[in-house]
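J.: Build me a structure from this.
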Amino acid sequence: MLPLTAVTSTAAAAAMLDPTRFAILEGLKAPGSAASVAAQLGAPRQRIWYHIRELERAGLVAPVSERAHGGLIERLVQASAAGYVVAPQALGPVAADPATVVDHSSNGYQLAVAARIIRGLAELRARGPNEEGGSNAHARHASARRLRRCAARIRDGAGECRRQRCREIPR
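T.: Numbers count the residues shown, from 1 in each chain. Here you go, the predicted structure:
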């Protein structure tokens, strides 16, 4: 299980934000079955199983193991991460964009830039290992440093960073 992951798909964000599925994700921080989650939530097992399958299709729940229970095989699943962040990619055309905010010292502008940072970090994480099979850790670290510098300039009221390196960060 990852400590934190960015939800970049609109379908996954919609699946996660359903109140029943949200409660199921909370219940699956440790491996559990549909029956165990249903007992926690006081809901029918079949209904919980349906929602677990939908969460699995969205990549928010992963199978852990199977065990024999009675004459049946019980399937154990677990949430794919301990915490989630809905990345701006999941919002499509209505995602925050710093270019649309006129007042660069407003909270709205700072939120839009933070959304851009989350988008960039989610894209870096999604890339995973590079083509040679090695790690992109150095590139991710350098990009994260640039993102932090831009965020610091904005926080200190210096406006959006205009340096060439910062404009190359994925938006």
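
J.: and residue 121, helix, strand or coil?
T.: Here residue 121 is helix, with the state taken from DSSP: H, G, I helix; E, B strand; the rest coil.

J.: these two touch, right, it and residue 5?
T.: No: the pair residue 121 / residue 5 is not scored as a contact, 11.0 Å apart, by Cβ atoms under 8 Å. All C-beta spots, glycine's among them, are computed from the backbone N, C-alpha and C.

J.: separation between the residue lying farthest from the centre of the chain and residue 85?
T.: Taking Cα atoms, centre = their mean, the residue of the chain most remote from its mean C-alpha position is residue 71, at 37.6 Å. As for residue 71, its distance to residue 85 is 42 Å (criterion: Cβ to Cβ, to the nearest Å).

J.: again with residue 31
T.: The gap separating residue 31 from residue 85 is 23 Å, by Cβ to Cβ.

J.: List the residues that contact the closest residue to residue 65 other than its chain neighbours.
T.: Counting by Cβ to Cβ, 6 or more residues apart in numbering, the nearest residue to residue 65 once its immediate chain neighbours are dropped is residue 76, at 5.0 Å. Contact partners of residue 76, counting by Cβ atoms under 8 Å, 6 or more residues apart in numbering, are 31-33, 63-67.

J.: Does residue 77 belong to a helix, a strand or coil?
T.: Under three-state DSSP, residue 77 falls in the strand class.

J.: likewise residue 25?
T.: With three-state DSSP as the criterion, residue 25 was assigned helix.

J.: And the closest residue in space to residue 97 that isn't next to it in sequence, which helix or strand is it part of?
T.: Across the structure, with Cβ to Cβ, 6+ apart as the measure, the residue nearest residue 97 apart from its sequence neighbours is residue 112 (6.0 Å). In this assignment (DSSP states H and E), residue 112 forms part of helix 107-127.

J.: other SSEs contacting that helix?
T.: strand 5-7, helix 137-155 (3 or more Cβ pairs under 8 Å, 6 or more residues apart in numbering; DSSP states H and E).

J.: how about low-confidence regions in this structure?
T.: By pLDDT under 70, the low-scoring segments of the chain are 129-147, 150-171.

J.: got the domain boundaries for the chain?
T.: The record's domain split for the chain, according to automatic domain parsing, is 5-84, 87-167.

J.: Identify, out of those, the most deeply packed stretch.
T.: Burial among these, expressed as mean neighbours by mean count of other Cβ atoms under 10 Å, is greatest for domain 5-84, which shows a mean of 16.

J.: Now do it: distance from first to last residue.
T.: Across its full length, domain 5-84 reaches 5 Å end to end, with Cα to Cα, to the nearest Å as the criterion.
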